[in-house]
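S.K.: Dropping the sequence and predicted coords here.
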Amino acid sequence: QHRQNVHFTPSAPLLAVASLLKNDEADIADSACGRISAAALLQHLRWHRVGLRVQKKVLPLLGADKTADMPSRTRYTAHNRAALKRMAANIETLQRVVNCFDANGIEYLSLKGPALSQLLYGNALTKESVDIDVLVKPCDVPAAIALLEHIGINVLQPFPRSISTWKTIALMCKDWALNDAHNSTHVELHWRVEINPYLLPTAFDIWYARRRRVDFAGLHIDTLSLEDHVIHILVHGARSLWTRLHWLADFDALLRRDDINWQCVCKSIQRLKLGAMLLFSWQLSHALLATPLPDALAPIEKSDSAVT
């Protein structure tokens, strides 16, 4: 077997969104000059959840596109205002969750969302998110849910009170859905990160021991280390077939960092047998966003069997 490059033909709107993300001025200009309509561009920005992070580049395009109907700019700015309002509500709910857990000795890790946005982009409002994901130990889930319900973050489905029923659910599921009655923010309380424990085994104690603390908006949030974020975003995005570019943009931002222990990441990828997943994901990211491959990951490219 041998590794083959992944070949695909992206659509014009996908290329336009990718060009906005990678600051390719030539492609941006080309995208505005007849390749796609304003409506198609806005539709893809909404789907890929990157409208906020490219807003300064998109607004001039809408103004310059003579074929764009006037409401396009209005719809785009209205969508971004709604996204900012939703993200502010997410941060407010995250603050309540974190304060509640800290006060009651519940160890947690914030996944994706505002914490990752602050870590990667220096702004908790750059990365669009539709909910809050928090990981706790399986043994702490019943207590964590009781605490959250006490502060008005309620389960969407009744949580089992029987220990045997809970143990069965813990084996079959990965999270429990809740909703903040104060601002309707959706919260997913995880006890593992993937439904398939063989794809990415949850090692909470190890992840927590090397956690990263992120500070923003007066909050002190515990989240995954940068090295663990690489693995998590890789598996999460690839498992979802990278259907939204905001995951790929986060993957690109991680691979461009020079403050990550790439030797550690390389060992984790080899131990978890994620080499083919990494190479396929990198080839896709390289094709769309010109993502470089860190030198320390080169042994994976040379030794992994095949990406076909």
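M.R.: Sure thing, it's come through.
S.K.: can you confirm Asp222 is in a strand?
M.R.: Yes. With DSSP: H, G, I helix; E, B strand; the rest coil as the criterion, Asp222 is located in a strand.
S.K.: Chain neighbours aside, what residue packs nearest to it?
M.R.: Across the structure, with C-beta to C-beta, 6 or more residues apart in numbering as the measure, the residue nearest Asp222 apart from its sequence neighbours is Arg211 (4.9 Å). Glycine gets a C-beta too; all of them are placed from N, C-alpha and C.
S.K.: so how many other residues sit close to that neighbour?
M.R.: 18 (other C-beta atoms under 10 Å).
S.K.: all numbers from here: first residue = 24
M.R.: Okay, using 24 as the starting number, the last item reads as Arg234.
S.K.: For it, grab phi and psi.
M.R.: Main-chain dihedrals, Arg234, degrees, to the nearest 10: phi -60, psi 160.
S.K.: And the host helix or strand of Ala167, how far out from the chain middle?
M.R.: Counting by DSSP states H and E, the secondary-structure element that holds Ala167 is helix 164-173. Relative to the centre of its chain, helix 164-173 is centred 25 Å away, using C-alpha atoms, centre = their mean, to the nearest Å.
S.K.: So for the helix or strand that it is followed by, what gets flagged as buried?
M.R.: Using DSSP H and E, the helix or strand that directly follows helix 164-173 along the chain is strand 176-178. Burial within strand 176-178, assessed by neighbour count using 16 or more other C-beta atoms under 10 Å, is assigned to 176, 178.
S.K.: Quick check: neighbours of strand 176-178 in the sheet, parallel or antiparallel?
M.R.: Using DSSP bridges, the strands paired with strand 176-178 in its sheet are strand 198-203 (antiparallel).
S.K.: Okay, angle between the partner strand and helix 164-173 too, please.
M.R.: Strand 198-203 and helix 164-173 are oriented at 10 degrees to each other (axes from the mean of the first three to the mean of the last three C-alpha atoms, to 10 degrees).
S.K.: by contact count, what packs against the following helix or strand past strand 198-203?
M.R.: Beyond strand 198-203 in the direction of the C-terminus, DSSP H and E gives the next helix or strand as strand 209-213. Under the contact criterion of 3 or more C-beta pairs under 8 Å, 6 or more residues apart in numbering; DSSP states H and E, strand 209-213 touches strand 154-159, helix 164-173, strand 198-203.
S.K.: repeat that with 6 Å
M.R.: Helices and strands touching strand 209-213, by 3 or more C-beta pairs under 6 Å, 6 or more residues apart in numbering; DSSP states H and E, are strand 154-159, strand 198-203.
S.K.: For the residue nearest to Asp245, give its distance to Tyr131.
M.R.: Counting by C-beta to C-beta, to the nearest Å, the gap from Arg234 to Tyr131 is 10 Å.
S.K.: same check, this time on Leu201
M.R.: Counting by C-beta to C-beta, the separation of Leu201 from Tyr131 is 14 Å.
S.K.: Can you check the pLDDT for Asn46?
M.R.: Model confidence at Asn46, given as pLDDT, is 66.
S.K.: quick one: average pLDDT of stretch 142-153?
M.R.: 92.
S.K.: Give the residue spans of the stretch 224-331 of the chain that score low on pLDDT.
M.R.: 325-331 (pLDDT under 70).
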